[in-house]
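A.B. asks: Here is my input; please provide its structure:
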Amino acid sequence: MSHQTGIQGSAELKAFFSKCKDGKIRAFKVAIKDEELVLEKSCESIGTWEQDILYANYDKLVLPLLEHQQPCYVFYRLDCQNEAGYEWLFISWSPDNSAVRQKMLYASTKATLKKEFGGGQIKDELFGTQREDISLKGYKKHVESEKSPQPLSSSEVILQQIRKDEAAGGIDAKHQTMQGVCFPVSDDLINALCDLKDRRITYVQMSIDMDKEEINLEERLNIDVNSLADRVPSDHARYHLFCLPHSYEGDQLNSIGRLKTESLVFTVATRTSPSLPGCT
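C.D. replies: This next block holds a predicted model:
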């Protein structure tokens, strides 16, 4: 989140805000000058929103307001209305070749300007670093992209499939698993698993980093079975491996058991980890 700059709208700009919403103004430009938000230029409507689109009046009104190296804000009135009045398109212009300080200043003042204008009347926002981004063609492209579903991350795909399986099967989601998801194992975890296999430690705790799609080591300890419950977190999903010394028919055995504690279901193929006897 950007920090606020403390820059406020000038008295002239605030007075203009109360007058520009009657339907006569189609577009206006706001800039920062002398530590104030000021009105630089306004344009009256040529026709309806549809007519302005038809005759490319959007580009004729908006593009001349943009300076080559100077950020600014542009408001463009649409013809649709809500309970607060006409709805507007809010445009943030921040050209690539403008000064970094100017870019930061305009980015951190944007929230103040929207609040003073009235955020409830802003239907859509458009950001551009090149004139093509702000043009009518660029705006239409923006609208289409907003309508398209956003791509899902790998973890979101897994959770989406779990929900589908839960709805189809009518059983609790934690019993649903997906096959064939393979995450790499960190080097620290591989070393810990080798030590567990060689009985140098008795306990390994693992977690899944869903953002990096990696299985990581959380803890490696020498503990007894009475301490095992203390290692289970109540607020995170974990995998646990524990080496349990016991006897069977007079023979001393060391079996490695697996415990899965979960708030989410993780399905993991640990093909890159060392083979552990007694662990499936």
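
A.B. asks: what about residue 32, helix or strand, and which?
C.D. replies: Using DSSP states H and E, residue 32 sits in strand 25-33.

A.B. asks: just the helices in the stretch 51-200 of the chain please.
C.D. replies: Taking DSSP state H, counting those that start in this stretch as the criterion, the stretch 51-200 of the chain carries its helices at 57-62, 100-117, 131-134, 136-147, 154-169, 187-197.

A.B. asks: rank those helices by mean pLDDT and give me the bottom one.
C.D. replies: Mean pLDDT per stretch puts helix 154-169 lowest among the helices of the stretch 51-200 of the chain, at a mean of 71.

A.B. asks: Report the backbone C-alpha coordinates of the strand holding residue 32 in CSV.
C.D. replies: Extracted as CSV, the C-alpha positions of strand 25-33 are listed here (Å, rounded to 0.1, in the frame of the first residue of the first chain):
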residue,chain,number,x,y,z
ILE,A,25,-18.4,17.8,-18.4
ARG,A,26,-17.0,14.8,-20.3
ALA,A,27,-13.4,14.8,-19.1
PHE,A,28,-11.0,16.8,-17.0
LYS,A,29,-7.3,16.6,-16.0
VAL,A,30,-5.9,17.0,-12.5
ALA,A,31,-2.2,17.6,-11.7
ILE,A,32,0.0,18.2,-8.6
LYS,A,33,1.4,21.7,-8.4
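
A.B. asks: residues in contact with the helix or strand following it?
C.D. replies: The C-terminal neighbour of strand 25-33 among helices and strands, as given by DSSP H and E, is strand 36-44. Contact with strand 36-44 is made by 7-10, 12-13, 16, 20, 24-32, 61, 65, 72, 109, 112-113, 116, as judged by C-beta atoms under 8 Å, 6 or more residues apart in numbering. The way it works is simple: take the backbone N, C-alpha and C, and place the C-beta from them, glycine included.
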